[in-house]
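J.: sequence and predicted model, in that order:
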Amino acid sequence: MKADINKNFFATQIGSILATAGSAVGLGNIWRFPTVTGQNGGAAFILIYLFFNVFLGVTCMMTEFIVGRNGASNPLRAYIKAGKKKSWGVMGILAILCGSLILSFYSVVAGWCVYYLYLAITGGVLGSFDHIQSTFSALIGEKDIYICCAISVFFVIITHVIVVQGVQKGIERAAKYMVPMLILLLIALGVASTSLPGAWRGLEFLFKPDFSKVTMHTFYEAMSMAFFSLSLGTACLVTYASYFREDAHIGKFALQISIIDVVVAILAGITIFPAAFSVGVEPDAGPSLIFLTIPNVFTQAFSPTSGYYLSIVFYFLLVLAALTSTISMHEIGTSLLSQEMKTSRTVAGTLVTIFCCIMGTLCALSFSHPDIGVMGSTLFDNLDSVTSKVFMPIGTFATCLLVGWVMSRKTVMRQLTSDNRYAWSRPTLRTFFFLVKFVCPILTAIIFVVNIFFTN
């Protein structure tokens, strides 16, 4: 299992886990998971989500780890080596395109987080709801759109600076600080939120099982959440797995990363719902939650001084969550271009940064210039849709087929056991291969079909 091209490895196991977990933990954990949970039966939804997280999320994550560490190179070469045909390199090309497009529109939201952190520090976030609404409208409207563009570019450059430092000195070092800090900040905010009068109503909304709300749509939401929350299908997991050392236990890594992802999502719910329900505000989801609802909640729920400091902590938390994700998306392209063009990480990273800055700027401008986009949507929404509805399901589906049907059992077992360092029971192995060959491809295909034909 020796590396062919890639000479970079994570220095420690905890660094491997935190860096990979950082790629999965993002703004979706904070702005989508809590609300979807509350709307779909609370603890009942969480139980269903955990089921899919283990049988779909963790299993699919392991397939990407197998391809990545086996290839010990960028996604293009990793897929070609695993499939033993150059045609599998298409998945590598899809990977760099998917990662770069996600980074492009994600940098816009990350830029909003940076801007709101600045507003929080200067005392401009809190106030009447009209003030809060006009602030966000100005940011995405013509008034402040160029500020939005500039901050988005700034965020991509910050990501670039970290990535070009290398795997150990850049990505791993950043993750060792940022992921634990993110979790600690969420715990601190959760404590503050649950200490408010009436906070129990928010906890009840989040955790009380309500099986009357469980429908077939609930199962789809849980399955979809397990899929998207772990960044499956983007090849960032393939890329990071190529940096795993030979003694890394792929199964344990996948389970530990999944647990971190779930914990962050639940902590986000504990932070948001008690505070919101204490002042009678029912949270929504998406950008409106963190840029409209949360400032309104902080204004009403806390004293001016407490609200000021907690808003700073919250938006700093969002910046961290965004940065851990953008680093992984940037690394996909940087790794591939540096190896295929036989150039330095700095040059390769610069090419990725230039592309993402241009596309990110166009995404930001599309909010105030409707002609930048197709099918009546903004370019921001176009890129979000094509990556999440098309590229990611296709990437996961193809990886499951590759590991389950194309790669030799000997090669897969060599990765699962880390060259016979670890033993797997026969029932566990049978379950794994059954899931990879049949269950995961079918579930991924269902997600793809529903996304394309039954959602807006």
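T.: Sure, I can see it. Numbers count the residues shown, from 1 in each chain.
J.: quick one: the helices in the stretch 151-300 of the chain?
T.: Taking DSSP state H, counting those that start in this stretch, the helices of the stretch 151-300 of the chain run over residues 173-194, 199-207, 216-228, 236-241, 250-278, 287-288, 294-301.
J.: right, so of these, which gets closest to residue 424?
T.: The closest of those to residue 424 is helix 250-278. By Cβ to Cβ, the value is 7.5 Å. (Glycine included, C-beta is placed from N, CA and C.)
J.: would you mark the buried spots in the closest one?
T.: By neighbour count on 16 or more other Cβ atoms under 10 Å, the buried set for helix 250-278 is 250-251, 253-258, 260-278.
J.: returning to what we had before: tell me which of the helices of the stretch 151-300 of the chain sits nearest to residue 21.
T.: helix 250-278 (4.2 Å).
J.: next, the angle helix 199-207 makes with the closest one.
T.: Helix 250-278 and helix 199-207 meet at an angle of 140 degrees, taking axes from the mean of the first three to the mean of the last three Cα atoms, to 10 degrees as the criterion.
J.: so how far is helix 250-278 off the chain centroid?
T.: Distance of helix 250-278 from the chain centroid (Cα atoms, centre = their mean, to the nearest Å) equals 13 Å.
J.: what sits against residue 148?
T.: 108, 111-112, 115, 139-140, 364 (Cβ atoms under 8 Å, 6 or more residues apart in numbering).
J.: next: residue 65.
T.: 237-238, 241, 244, 250, 253-254, 415.
J.: sorry, back to before: which of the helices of the stretch 151-300 of the chain sits closest to residue 387?
T.: The closest of the helices of the stretch 151-300 of the chain to residue 387 is helix 216-228. By Cβ to Cβ, the value is 10.3 Å.
J.: packing partners for that closest one?
T.: On a contact count with 3 or more Cβ pairs under 8 Å, 6 or more residues apart in numbering; DSSP states H and E, helix 216-228 meets helix 33-39, helix 43-52, helix 392-401, helix 440-453.
J.: where along the stretch 301-450 of the chain do the strands fall?
T.: Per DSSP state E, counting those that start in this stretch, the stretch 301-450 of the chain carries no strands over any range.
J.: so where do the helices sit in it?
T.: Using DSSP H, counting those that start in this stretch, helices in the stretch 301-450 of the chain cover 304-340, 345-365, 379-385, 392-401, 409-416, 426-434, 440-453.
J.: quick one, which of those helices is nearest to residue 180?
T.: Closest among the helices of the stretch 301-450 of the chain, using Cβ to Cβ: helix 304-340, at 10.2 Å.
J.: just the buried positions in the closest one, please.
T.: 307-308, 310-340.
J.: among the contacts of residue 148, name the ones in helices.
T.: Per DSSP state H, helices hold the following members of these: 108, 111-112, 115, 139-140, 364.
J.: still on that earlier bit, and the helices of the stretch 151-300 of the chain, which one is worst for confidence?
T.: The minimum mean pLDDT among the helices of the stretch 151-300 of the chain belongs to helix 287-288 (a mean of 79).
J.: what's in contact with it?
T.: By Cβ under 8 Å, 6+ apart, helix 287-288 touches 31, 109, 112.
J.: any chance of CSV for these, columns neighbour count?
T.: Below are the contacts of helix 287-288 laid out as CSV (neighbours: other Cβ atoms under 10 Å):
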residue, neighbour count
31, 25
109, 25
112, 25
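J.: okay, who's weakest in these by pLDDT?
T.: residue 31 (81).
J.: quick one, what contacts the closest residue to it other than its chain neighbours?
T.: Nearest non-adjacent residue to residue 31, counting by Cβ to Cβ, 6 or more residues apart in numbering: residue 289, 4.9 Å away. By Cβ under 8 Å, 6+ apart, the residues touching residue 289 are 31, 35, 272, 283.
J.: how does it look with 10 Å?
T.: Counting by Cβ atoms under 10 Å, 6 or more residues apart in numbering, residue 289 makes contact with 27, 30-32, 34-35, 272, 276, 283, 297.
J.: thinking again about what came up before, let me have the helices of the stretch 301-450 of the chain in CSV, extended by mean pLDDT and distance to residue 53.
T.: Formatted as CSV, the helices of the stretch 301-450 of the chain follow (pLDDT from 0 to 100; distance: least, Cβ to Cβ, whole Å):
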stretch, mean pLDDT, distance to residue 53
helix 304-340, 95, 18
helix 345-365, 96, 30
helix 379-385, 92, 23
helix 392-401, 96, 14
helix 409-416, 97, 20
helix 426-434, 96, 15
helix 440-453, 92, 12
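J.: would you turn those into a markdown table with distance to residue 182?
T.: Converted to a markdown table, these look like this (distance: least, Cβ to Cβ, whole Å):
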| stretch | distance to residue 182 |
| --- | --- |
| helix 304-340 | 5 |
| helix 345-365 | 23 |
| helix 379-385 | 23 |
| helix 392-401 | 23 |
| helix 409-416 | 30 |
| helix 426-434 | 31 |
| helix 440-453 | 27 |
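J.: give the contact list for the spatially closest residue to residue 451 that is not a sequence neighbour.
T.: In this structure, residue 451 finds its nearest non-sequential neighbour in residue 389, 3.9 Å apart by Cβ to Cβ, 6+ apart. Applying Cβ under 10 Å, 6+ apart to residue 389 gives the contacts 447-448, 450-452, 455.
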